[in-house]
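K.L.:
how would this look folded up:
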Amino acid sequence: MLSRAALLTALLLAGPYTAATADEFSTLEERMSAAEFKAAGLDKLSAAELGQLNAWIDRELKLPAASAQATAASAPASAATAPAAAAPASADMRGFDLNAGRSEIRSEIVGSFTGWSGRTVFRLANGQVWQQSENDAFAVNLESPGVVIEPAAFGTWLLKVDGYNRSVRVKRIQ
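P.N.:
This is a model prediction of the structure:
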């Protein structure tokens, strides 16, 4: 059986997921060259194991929006964030959908901001909600600071507070 790291490597090697493949999942064998398939060690899997891996990738690629909504509903409000403003829900799908683009996002944190620690939730004036996805802490006391969320390596995003040389890895939850 493959380790979790090997599964992640296989998923990354499978290439970007596009809207065109939303209903028609293409297997790893179809997406990768023979050399890539062998270099990833996937040629060592039995047909049943490869089938299970392809099924898992197919399920995972179809779940990002649903799991993000579930995470948002179950995530406790952080003391570092204020209640969401009456901003309309954003139609901007960056952070959820690979096809939505990976350009930077500029906005403001709504209300008082005291930094981040653990799993801080960041409610932005543009209606987006992001959550800290790495274990880091930063203490500050600001009112509605400007932020930029920039694309980072391997499909991740970094949140930076205007005027501070600090960043934290985040994932979009709403």
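K.L.:
Just say helix, strand or coil for residue 127.
P.N.:
coil (DSSP: H, G, I helix; E, B strand; the rest coil).
K.L.:
for the chain, which spans come out with low pLDDT?
P.N.:
Applying pLDDT under 70 to the chain flags residues 1-26, 58-90, 97-99.
K.L.:
how about 50 then?
P.N.:
17-22, 64-89 (pLDDT under 50).
K.L.:
can you give me the strands for it?
P.N.:
Secondary structure of the chain (DSSP state E): strands at 105-108, 112-117, 121-123, 129-132, 137-143, 146-151, 157-161, 167-172.
K.L.:
I'd like these laid out as JSON lines, including mean neighbour count.
P.N.:
C-beta coordinates here come from the backbone N, C-alpha and C atoms, glycine included. As requested, those are arranged in JSON lines below (neighbours: other Cβ atoms under 10 Å):
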{"stretch": "strand 105-108", "mean neighbour count": "18"}
{"stretch": "strand 112-117", "mean neighbour count": "18"}
{"stretch": "strand 121-123", "mean neighbour count": "23"}
{"stretch": "strand 129-132", "mean neighbour count": "22"}
{"stretch": "strand 137-143", "mean neighbour count": "12"}
{"stretch": "strand 146-151", "mean neighbour count": "17"}
{"stretch": "strand 157-161", "mean neighbour count": "20"}
{"stretch": "strand 167-172", "mean neighbour count": "20"}
